[in-house]
Each structure stands twice: as structure tokens, then as C-alpha cells.
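In: Sequence and predicted model, in that order:
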Amino acid sequence: MRLWICIALLCTVLCASAERPAFVRGIIRAGQFVRDAAGGAKDMYRAYRDMREANYKGADKYFHARGNYDAARRGPGGAWAARVISDAREHWQSSVSGRGAEDTRADQEANAWGRRGGDPNRYRPKGLPSKY
């Protein structure tokens, strides 16, 4: 009986310290990517919600940069989600809202700045409440 317990413990230690197969590592990485993407989408939504709540003229670039910054900090999945959401939003706004190419370009610049890890406060307007 003691021999079987020793063998079971030895197998447990060896299996725990062994490297996982590539297939399992791939599944784990995919799961992390999906988790980061979901978190990044949540960060983007939070920035959008704050922008709507603040309703502060000239603050949209700040919220674009902040949402992308927060999402990209989560990892590759978050950066991917930020890029997809930002590109879709800007495509929709440029074709529907009629704001113009210059505003779309400035929004995309703020989006890219945030995704690259730039400080979103670069776009923060004076007078925006400190809550945001």
C-alpha cells in the first residue's frame, strides 16, 4: 500500500512539473485572448458610457484615447477588441453622422495613441470633471 502511495505521489509531482502539450498551451492562450477581448470591450463601453454621462464639449478624443488605452493594457485580445470597435465606430460615424473626414482622422489618431500606450490625458480638455 505504501509503495502505491509513493508511486502516486511521484506521478503527481512529475506530471505537475512537466510542460503542457502544445495543444493545451494553444487552448490556454486562446482562452486568455478571448478573456482579454471581452475585458477590452468592457473598457471601451465604460469609456463610451462616461463620455455620454460627462456630455462635455471637446472631450470625445480623451474618451476615445482612454478606452483604447485601458483595453490595450489587458493584452493582445484587448488591443484587438479596441481596434475592431474603434474602426467600426468611426466607419459608422463617418458614413452616417456626417461629421467629416477631419474629425474621423482626429478620432482615429486618439484611438491609436491610446492603443500604443500613450497617456490619454494628452487629449483631456480643461475643465473636465476629475471624476473622469
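Out: On my side now, so go ahead.
In: do you know how far the spatially closest residue to Q108 that is not a sequence neighbour is from G127?
Out: In space, and not counting its chain neighbours, Q108 is closest to E90: 5.7 Å by CB to CB, 6 or more residues apart in numbering. No exception for glycine: its C-beta is placed from N, CA and C like everyone else's. The spacing between E90 and G127, counted by CB to CB, to the nearest Å, is 26 Å.
In: So which of the two has more stuff around it?
Out: The neighbour comparison of E90 against G127 (other CB atoms under 10 Å) goes to E90, with 18 against 9.
In: which element is the more buried one on?
Out: Assignment of secondary structure by DSSP states H and E places E90 within helix 76-96.
In: So which residues make contact with that helix?
Out: 32-41, 43-44, 64, 67-68, 70-72, 99-101, 104, 107-108, 111, 114-115 (CB atoms under 8 Å, 6 or more residues apart in numbering).
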